[in-house]
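Colleague: Fold the following.
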Amino acid sequence: MRPATTLELLATPAEVSGVRRALSAYGAEVQLCASELVTNVVQHLGEGVPVTVRVWCDDGGRTRLEVTDPDPRALPVLRASVGADEESGRGLALLDALASRWGVAHGPGGKTVWCELEAGPGGGAVPVASAGGPGRTATAGRDPR
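Modeller: All right, here's what the predicted structure looks like:
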């Protein structure tokens, strides 16, 4: 089992590539989800916001990624569609396609956007179809586990 990784940073465009590099051992899917979530902090809260990125694998091979920021009000919204000419708005759609589930948990210091990816045959994280079909939407509150 891979040890947990915790990154404390100030969200900036330059830090996004650093997050991807720091999480390379977890695979491309985790790197992509993490960079999209940190980018969302930069775009919606501004540069320089303190962020904590946590990643770990459980004994069953599931990888959990959490990105915590201090603003409990700025919640992620999965857009139904994005126009071909729009330059943004696809990050959560990518996360939704890759993660087996994801959501938002509120805490005393802000909010945590989390996602879980299942381990594939080669050890990398792969998406898993949820029992409810396309019902993998953000849920406010506690992780239902």
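
Colleague: Residue 44 is in what secondary structure piece?
Modeller: Element membership for residue 44, per DSSP states H and E: helix 28-45.

Colleague: Not counting that helix itself, show me its contacts.
Modeller: The contact list for helix 28-45, computed with Cβ atoms under 8 Å, 6 or more residues apart in numbering, reads 9, 11-13, 15-17, 19-20, 23-24, 49, 51, 53, 55, 63, 65, 67, 69, 71, 74, 76, 88, 91-92, 94-95, 98-99, 113, 115, 117, 124-127. To be clear about C-beta, it is placed using only N, CA and C from the backbone, and glycine gets the same treatment.

Colleague: Now that helix: buried residues?
Modeller: Applying a neighbour-count criterion of 16 or more other Cβ atoms under 10 Å, the buried positions in helix 28-45 are 29-42, 45.

Colleague: And residue 66, which helix or strand is it part of?
Modeller: Using DSSP H and E, residue 66 sits in strand 63-69.

Colleague: Give me the sheet partners of that strand and which way each runs.
Modeller: Paired neighbours of strand 63-69 in the sheet (DSSP bridges): strand 49-57 (antiparallel), strand 110-119 (antiparallel).

Colleague: tilt between it and helix 28-45?
Modeller: Counting by axes from the mean of the first three to the mean of the last three Cα atoms, to 10 degrees, strand 63-69 points 10 degrees away from the direction of helix 28-45.

Colleague: Lowest average confidence across helices and strands of the protein, where is it?
Modeller: Lowest on mean pLDDT, DSSP states H and E among the helices and strands of the chain sits strand 125-126, with a mean of 44.

Colleague: where does this structure have low pLDDT?
Modeller: When residues are selected by pLDDT under 70, those of the chain lie in 1-2, 79-90, 120-145.
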